[in-house]
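A.B. asks: from the sequence below, what's the structure:
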Amino acid sequence: MKHRKSFPVELISSSKLSNIDFNNLKFGRDFSDHMLLAEYANGEWESVKIIPFQDINFSPAASVFHYGQAIFEGLKAHKTKDGEVLLFRPEENWKRMNLSAQRMCMAEIPSEIFLDGILQLIDLDRNWVPEGEGKSLYVRPFLIADDAFLGVKASERYKFMVITSPASNYYSGAVSVKVETKFSRAAAGGVGAAKAAGNYAASLFPAQKAQKAGYDQLIWTDSKEHKYLEESGTMNLMFVRGNSIVTPSLDSSTILPGITRKSILHLAKEWAYQVEERQIEVAELIDGLKDGSIEEVFGVGTAATIAPIANIGYEDTDYKLSDFTNWKFASKAKNYFEDLKRGEIEDQFNWTVKV
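C.D. replies: A predicted model of the protein is given here:
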């Protein structure tokens, strides 16, 4: 599907592409030649254009700096063996971004700006999409408040931007996590279900403490009792028990409704697994690790797709899981999504969009 609407383009004078070592990519460090910029004022989107990647000027009084109206999304473009470029379910990112905008009292983004703009941007910079297993072009749409006003209210001006970055795998292998029993990622009634920048800022300090203790990330628990499982780092959490795929439900609105999460649960049902979306106690996870009834634990999200968890720390005890390569569901699902995103298998659910 080609983009239906085209926006004005200001081309770069010379490309940075030759400066990039595609054999040694790091996540989120290098940026493609162009970016999308759209501006909202007077109740409407007034300007949409593609320009060279560049710094943007803001007033020191811009609302985003003072009251935190900032949301973002993340998706990836992959290159097939035939040189085509595929996006994975971008419509879902557009829908989720507007749900985040509603919760954060921000202007919603029309589909032609979000979807057609991203398709045109990636088409223009398609040579930045790296080839090879584990490599992709990471796409970062974000929306920020731009009112130069210090009063506490929803902004009346916004900037929507999309930047892209060639990247390799976010995690190089299985991860070690610690169950968090003091700090919280989100509280009921808050903005945990929105992809708000502040959620990530609040997670940095406890995550840093966990890393100093030798873990890669945290398993977040509920803010009231720290009794129930929520997310794993910046990913949704899942585990396999027998023929069931078990994951925390979204009912509390403290968990981000992941697009990878939604897709994996759909796939699990197709593969005749039972899917359980429900409240899960930490004790259930620990007991299952002790008696071996929980065989696989993994995080799911855009950056990693599936990140196997090799070790879980809880109350000064580490619980080890078996080698990921022997896992029946997670390894199969990871291979399925890698093949699907690179056009190597049939897209039976119409999840990919050709640029």
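
A.B. asks: who's in contact with the longest helix seen in the chain?
C.D. replies: Longest helix in the chain, counting residues (DSSP state H): helix 197-212. Contact partners of helix 197-212, identified using Cβ atoms under 8 Å, 6 or more residues apart in numbering, comprise 68, 70-72, 177-178, 180, 182-183, 185-186, 191-192, 216-218, 220, 233-234, 256. Placement of C-beta: from N, CA and C, glycine included.

A.B. asks: what about the residues you listed, which are in strands?
C.D. replies: 70-72, 177-178, 217-218, 220 (DSSP state E).

A.B. asks: ok, and the most crowded of the residues you listed?
C.D. replies: Ranked by neighbour count (other Cβ atoms under 10 Å), these have residue 220 at the top, with 29 neighbours.

A.B. asks: I figured residue 90 hits residue 75, correct?
C.D. replies: Yes. The pair residue 90 and residue 75 passes the contact test of Cβ atoms under 8 Å, sitting 5.8 Å apart.

A.B. asks: still on that earlier bit, relative to strand 217-221, how tilted is the longest helix of the chain?
C.D. replies: 120 degrees (axes from the mean of the first three to the mean of the last three Cα atoms, to 10 degrees).

A.B. asks: now do helix 197-212: distance to the chain's middle.
C.D. replies: Counting by Cα atoms, centre = their mean, to the nearest Å, helix 197-212 is centred 16 Å from the centre of its parent chain.

A.B. asks: any low-confidence regions in the stretch 51-200 of the chain?
C.D. replies: Within the stretch 51-200 of the chain, not a single segment meets pLDDT under 70.

A.B. asks: that one: strands as residue ranges?
C.D. replies: 70-72, 75-79, 85-88, 136-145, 158-167, 175-179 (DSSP state E, counting those that start in this stretch).

A.B. asks: name the residues that touch the last one?
C.D. replies: It stands for strand 175-179. 210, 213-219, 221, 232-233, 282, 299, 307-315, 318.

A.B. asks: how about the second one?
C.D. replies: Contact partners of strand 75-79, identified using Cβ under 8 Å, 6+ apart, comprise 85-90, 93, 122, 129-131, 136-139, 141, 164, 259, 302, 341-343, 355.

A.B. asks: let's see it at 7 Å
C.D. replies: In this structure, residues lying in contact with strand 75-79 by Cβ atoms under 7 Å, 6 or more residues apart in numbering are 85-88, 90, 93, 122, 129-131, 136-139, 302, 341-342, 355.

A.B. asks: ok, the third one next?
C.D. replies: Judged by Cβ under 7 Å, 6+ apart, the contacts made with strand 85-88 from elsewhere in the structure are 75-80, 122, 126, 129, 341, 343, 351-355.

A.B. asks: closest to residue 37 out of these?
C.D. replies: Closest to residue 37 out of the contacts of strand 85-88 is residue 122 (15.4 Å), distances taken as Cβ to Cβ.

A.B. asks: any idea how far residue 286 is from residue 303?
C.D. replies: Counting by Cβ to Cβ, to the nearest Å, the separation of residue 286 from residue 303 is 27 Å.

A.B. asks: residue 243: which of the ones in strands among the contacts of helix 197-212 is nearest?
C.D. replies: Distances from residue 243 to the ones in strands among the contacts of helix 197-212, taken by Cβ to Cβ, are shortest for residue 177, at 24.6 Å.

A.B. asks: that older thread, and the buried ones among the contacts of strand 75-79, selectable in ChimeraX?
C.D. replies: Restricted to buried positions by 16 or more other Cβ atoms under 10 Å, the ChimeraX selection for these reads:
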select :85,86,87,88,90,93,122,129,130,136,137,138,139,302,341,342,355
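
A.B. asks: can you give me the buried ones in stretch 270-286?
C.D. replies: Result for stretch 270-286 [16+ other Cβ under 10 Å]: buried residues 273, 276, 280, 282, 284-286.

A.B. asks: dump these to a markdown table, plus secondary structure.
C.D. replies: Below are those laid out as a markdown table (DSSP: H, G, I helix; E, B strand; the rest coil):
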| residue | secondary structure |
| --- | --- |
| 273 | coil |
| 276 | strand |
| 280 | coil |
| 282 | helix |
| 284 | helix |
| 285 | helix |
| 286 | helix |
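
A.B. asks: of all the residues you listed, which comes closest to residue 107?
C.D. replies: residue 280 (36.3 Å).

A.B. asks: circling back: which of the contacts of strand 85-88 tops the neighbour count?
C.D. replies: residue 77 (27 neighbours).
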